[in-house]
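Visitor: Got a sequence here, can you build the structure:
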Amino acid sequence: MEIDAATLKQVLRFQYLELTEALIYEKLAKREKNAQNRKVLQQIADDEVRHYEFWKEYSGQEVAPSRLRVAWFSLLARLLGITFCVNLLERDEVNIATEYRNILDVIPAARPIMEEEEAHEQHLLAMLDEERLQYTGSMVLGLNDALVELTGALAGLTFAFQNLRLVALAGLVTGIAAAMSMAASEFLATRTEADNRNPLRAAFYTGIAYLVTVFLLVFPYLALQPDAAPVWGLSVLHQALGATLIIGVFIVAAFNYYVAVAQDQPFRRRFIEMCAISGGVALLSYGVGILLRGWFNISV
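Guide: Predicted structure coming up:
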């Protein structure tokens, strides 16, 4: 079948995308230890190769895949898990589906390929079972509790103590103790729940999420020098508190983006909710610090 130059350009683009994704899924399948997940990933890879061959019949040309894209998604899968990686790939394909519809008038035989891209692969992806996603609730618990509790504590301590290193010390002691307490509570809670989660792993994910958040939030109080000059009229204490709040917002954004992609959930509502809670608690705690410092007439 002869096609015009514009259609040929689109067909070659589809070939490029299908072949690149086939290599990504094949690479993920080879590294996957879970037999069911490996089977699903390999089936998607085989489908992508078949789609590539379909478009090749119309272009009559070979194309080269994007090795950089393959390497990037392989790295993402190692760091953030196959479910996150695969769902991110599928989000890209939502945009491609529009291009598929536009080409149906010229190549009607592409309709089954389009339907497979939209429905069949989503069915296969629903079959993926990744262990770390079973403990997302535990990570949310640790991260959310650390954000709310420690941003509030650091805000209150900042005004109460007026000493950079003292606030850092108090924040670390409070945070580490709270992380161990939260992990122990999650262990006990998971043991009483009727699910398949391992209590020790649930406690581990909760504790790690809490500890990482603690160290990131306290970092500005450790990194800034106590005798640093004011910036934009802000003392070094307020610089540290401001940096902590900004880091908190980035943590909330990064984690909620991960959950939104991995579990196909809305991002904006969760992000605004967590920021509002953490910011509100920090503001209230800062006010409590002012009141208690005045009430007890303490100067540190």
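Visitor: List the contacts of I96.
Guide: Taking C-beta atoms under 8 Å, 6 or more residues apart in numbering, we find I96 in contact with F14, L17, E117. Where you see a C-beta, it was placed from the backbone N, CA and C, and this is true even at glycine.
Visitor: mind saving the C-alpha coords of stretch 66-83 as CSV?
Guide: Taking C-alpha atoms only, stretch 66-83 is exported to CSV below (Å, rounded to 0.1, in the frame of the first residue of the first chain):
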residue,chain,number,x,y,z
SER,A,66,16.1,4.8,21.4
ARG,A,67,18.8,3.1,23.5
LEU,A,68,18.8,6.1,25.8
ARG,A,69,15.1,5.7,26.6
VAL,A,70,15.5,2.0,27.2
ALA,A,71,18.4,2.7,29.6
TRP,A,72,16.4,5.5,31.4
PHE,A,73,13.3,3.3,32.0
SER,A,74,15.5,0.4,33.1
LEU,A,75,17.0,2.7,35.7
LEU,A,76,13.6,3.9,36.8
ALA,A,77,12.5,0.3,37.2
ARG,A,78,15.5,-0.4,39.5
LEU,A,79,14.9,2.6,41.6
LEU,A,80,11.1,2.9,41.8
GLY,A,81,9.8,-0.5,40.7
ILE,A,82,8.4,-2.0,37.6
THR,A,83,4.8,-0.9,38.3
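Visitor: Which residues belonging to that stretch are considered buried?
Guide: Buried residues in stretch 66-83, counted by 16 or more other C-beta atoms under 10 Å: S66, R69, V70, F73, S74, L76, A77, G81, I82, T83.
Visitor: Quick check: the first one vs L75, distance?
Guide: This points to S66. According to C-beta to C-beta, to the nearest Å, S66 and L75 sit 14 Å apart.
Visitor: measure T151 to A202 for me?
Guide: Where A202 is concerned, T151 sits at a distance of 24 Å (C-beta to C-beta).
Visitor: Tell me which of those two has more neighbours.
Guide: Neighbour comparison, T151 and A202: the larger count goes to T151, with 28 against 25 (by other C-beta atoms under 10 Å).
Visitor: so that one is in which element?
Guide: According to DSSP states H and E, T151 maps onto helix 136-161.
Visitor: What's the mean pLDDT across that helix?
Guide: Per-region confidence: helix 136-161 scores 72 on mean pLDDT.
Visitor: what's the distance between the next helix or strand after it and the middle of its chain?
Guide: Under the assignment DSSP H and E, the closest C-terminal helix or strand after helix 136-161 is helix 164-192. A distance of 23 Å separates the centroid of the chain from that of helix 164-192, by C-alpha atoms, centre = their mean, to the nearest Å.
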